[in-house]
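Student: What shape does this take:
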Amino acid sequence: MTTQTPALLIDDASRHYAGTPAPAVDGVTIDVAAGEFLALLGPSGCGKSTLLRMVAGFERLDGGRITVGGRTLSGPATHVPPEERRIGLVFQSYALWPHMTVAGNVAYPLETARVPRAEREQRVRAALDTVGLSGFDARHPAELSGGQRQRVALARCLVMSPELVLLDEPLANLDVHLRAAMEEEFADFHTKTGATMVYVTHDQAEAMALATRIAVLDHGRLAQVAAPRTLYREPATRMVAGFVGQGAVVDGVVTGPAADGRVRVRLFGAEALVRCRTGQPEGQALVCLRPEDLEPAPDGPIAATVVRAAYKGGFVLVEAEPQAAPGVRLLLRVSGDAQVAPGEALRLAVRDGWVVPEGPSQERLTPARE
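Tutor: Numbering: from 1, shown residues only. Sure thing, here's the model as predicted:
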């Protein structure tokens, strides 16, 4: 049985800037399969853009190695310059030449590589067609919308037939409606080209919508890498549970042995059955409760008080405080027709949840807000 070489292998990569107490990237290992769409997700300062720059060759490694298609690009004694890596780059600023036409911007990397004119023109036409900009070749960037400029940047990347495409927060400068449209454009681009893509974002909705897998970084370290559904439903650490998706991460006690992927826990003085990893031990634990895991019920075992209620258009997002745990905030969704007001008493039932493998918290965490 043969093992396919990863399109991208980041192996124990580290980067430490002088004068800083902790590494910007600290021993990160990720392998990306050919054709995969990987998102690097995390809060500002977590190291995701630094890691992308290390892959691109703009940052040298202080430890570990990076290979693309089995070829070592960065390592203890190796540093291939960015222009020799056959890696496509798309930035949030587009980085287009304003004095050049669309065709000129897309053709520029081919010109610097001295590709013959006939081949150059054919590849530019094909790239513009792929991103839906056929007929725009004579326009200048100032004549285009933000979304169209980003597609020009994609075409310029595509025209070089890169082994890997890196995208650094490419939608950050677009308004909310255009961002949604461009998410579809990126997904379509990935489907059409089959390119291996690594996409940096701090927007979890973007990552969830686009990526095959998501790698969450926390203070330079890899917290978890998993498919979007797994990341949401089965976060590996307290940070991932609190950062990805809405909900709450609360203290509980596992009161019995795990069976069929579930275990009994005591939460706010009540018993609940939630999901868990294999071999989950009894005792103190962290429990992740998403809004869909909770529901109001007249005979619900958890007494709570409504703190805030926000109408979201088909549902009301309710923030409630359990009477048994002042200061804790739980999120749940109720019908958009429901009349819910702060100060109202509420009884809650726990339908589901997840025991976070990392272990019990040192302090109670409040839910992430939109």
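
Student: Which parts of this structure are helices?
Tutor: Counting by DSSP state H, the chain has helices at residues 48-56, 102-112, 117-130, 146-158, 176-193, 204-210, 228-233, 238-243.

Student: how about the first one: buried residues?
Tutor: Of all the residues in helix 48-56, those buried under the rule 16 or more other CB atoms under 10 Å are 48, 49, 50, 51, 52, 53, 54, 55, 56. The C-beta positions use only the backbone N, C-alpha and C, and glycine is treated the same way.

Student: what's the answer for the fifth one, then?
Tutor: Taking 16+ other CB under 10 Å as the neighbour-count basis, helix 176-193 is seen to contain the buried residues 178, 179, 182, 183, 185, 186, 189, 190, 193.

Student: Tell me the pLDDT of the third one.
Tutor: Among the per-residue scores, residue 182 shows a pLDDT of 76.

Student: Looks like it contacts residue 149 (just checking).
Tutor: No: the pair residue 182 / residue 149 is not scored as a contact, 10.5 Å apart, by CB atoms under 8 Å.

Student: Could you count how many residues lie near residue 265?
Tutor: Residue 265 has 24 neighbours, counted by other CB atoms under 10 Å.

Student: Per-residue confidence, it, what does it come out as?
Tutor: pLDDT, residue 265: 97.

Student: if we can go back for a sec, and which of the buried residues of helix 48-56 is nearest residue 297?
Tutor: Using CB to CB, residue 48 comes nearest to residue 297 of those, at 40.7 Å.

Student: quick one: that closest one and residue 39 touch, right?
Tutor: No: the criterion here is CB under 8 Å, and residue 48 misses it with residue 39 at 9.2 Å.

Student: who touches both of those two?
Tutor: When CB atoms under 8 Å, 6 or more residues apart in numbering defines a contact, the residues bordering residue 48 and residue 39 alike are residue 200.

Student: returning to what we had before: going by mean pLDDT, which of the helices of the chain comes out lowest?
Tutor: Among these, helix 176-193 scores lowest, at a mean of 79.

Student: Where does pLDDT dip in this protein?
Tutor: Scanning the chain for pLDDT under 70 picks out 1-3, 359-370.

Student: and stretch 107-122, how far out from the chain's middle?
Tutor: 35 Å (CA atoms, centre = their mean, to the nearest Å).

Student: The buried residues of helix 176-193 into TSV, with extra columns for distance to residue 88?
Tutor: Shown next, in TSV, are the buried residues of helix 176-193 (distance: CB to CB, whole Å):
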residue	distance to residue 88
178	22
179	21
182	17
183	19
185	15
186	13
189	11
190	12
193	10
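
Student: All the strands of the stretch 201-350 of the chain, in order from the start?
Tutor: 213-218, 221-226, 248-254, 262-267, 270-275, 283-289, 294-296, 302-311, 315-322, 330-335, 345-350 (DSSP state E, counting those that start in this stretch).

Student: Number of residues surrounding residue 109?
Tutor: So residue 109, with other CB under 10 Å, has 17 neighbours.

Student: Please shift the residue numbers so they start at 15 in all later answers.
Tutor: OK, 15 is where the count begins now, so the last one is residue 123.

Student: For it, which non-adjacent residue is closest in space?
Tutor: residue 174 (5.2 Å; CB to CB, 6 or more residues apart in numbering).

Student: now, which of the buried residues of helix 62-70 sits nearest residue 272?
Tutor: residue 62 (33.9 Å).

Student: check contacts around the closest residue to the closest one other than its chain neighbours.
Tutor: Among residues not flanking residue 62 along the chain, residue 54 sits closest, at 4.1 Å (CB to CB, 6+ apart). Residues counted as contacts of residue 54 (CB under 8 Å, 6+ apart) are 62, 65, 66, 212, 213, 214, 215, 229, 231.

Student: Residue 54 pairs with what?
Tutor: Here residue 54 shows beta-bridge partners residue 214, residue 229, assigned using DSSP bridges.

Student: how far away is it from residue 39?
Tutor: For residue 54, the distance to residue 39 (CB to CB, to the nearest Å) stands at 11 Å.

Student: for the nearest residue to residue 334 once chain neighbours are set aside, what are its contacts?
Tutor: Excluding the flanking residues, the one nearest residue 334 by CB to CB, 6+ apart is residue 318, at 4.2 Å. By CB under 8 Å, 6+ apart, the residues touching residue 318 are 334, 335, 336, 337, 344, 359, 360, 361, 362.

Student: Tell me the one among these nearest to residue 292.
Tutor: residue 344 (27.3 Å).

Student: That closest one and residue 308 touch, don't they?
Tutor: Yes: judged on CB under 8 Å, residue 344 makes contact with residue 308 at a distance of 6.0 Å.

Student: where do the contact lists of the two overlap?
Tutor: Common neighbours of residue 344 and residue 308 (CB under 8 Å, 6+ apart) are residue 362.

Student: OK, contacts around residue 68?
Tutor: Counting by CB under 8 Å, 6+ apart, the residues that residue 68 touches are 24, 27, 29, 39, 74, 75, 80, 88.

Student: Swap in 10 Å and give it another go.
Tutor: Contacts for residue 68 (CB atoms under 10 Å, 6 or more residues apart in numbering) come out as 24, 27-29, 38-39, 42, 61, 74-76, 78, 80, 87-88.

Student: likewise residue 330?
Tutor: Residue 330 is in contact with 323, 324, 346, 347, 348, 349, 350, 351, 352, 353, 354, counting by CB under 10 Å, 6+ apart.

Student: Just the buried ones among the residues you listed, please.
Tutor: Among the contacts of residue 330, those buried by neighbour count (16+ other CB under 10 Å) are 323, 346, 347, 348, 354.

Student: Adding distance to residue 19, write those residues out as JSON lines.
Tutor: Formatted as JSON lines, the buried ones among the contacts of residue 330 follow (distance: CB to CB, whole Å):
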{"residue": "323", "distance to residue 19": "53"}
{"residue": "346", "distance to residue 19": "46"}
{"residue": "347", "distance to residue 19": "45"}
{"residue": "348", "distance to residue 19": "50"}
{"residue": "354", "distance to residue 19": "55"}
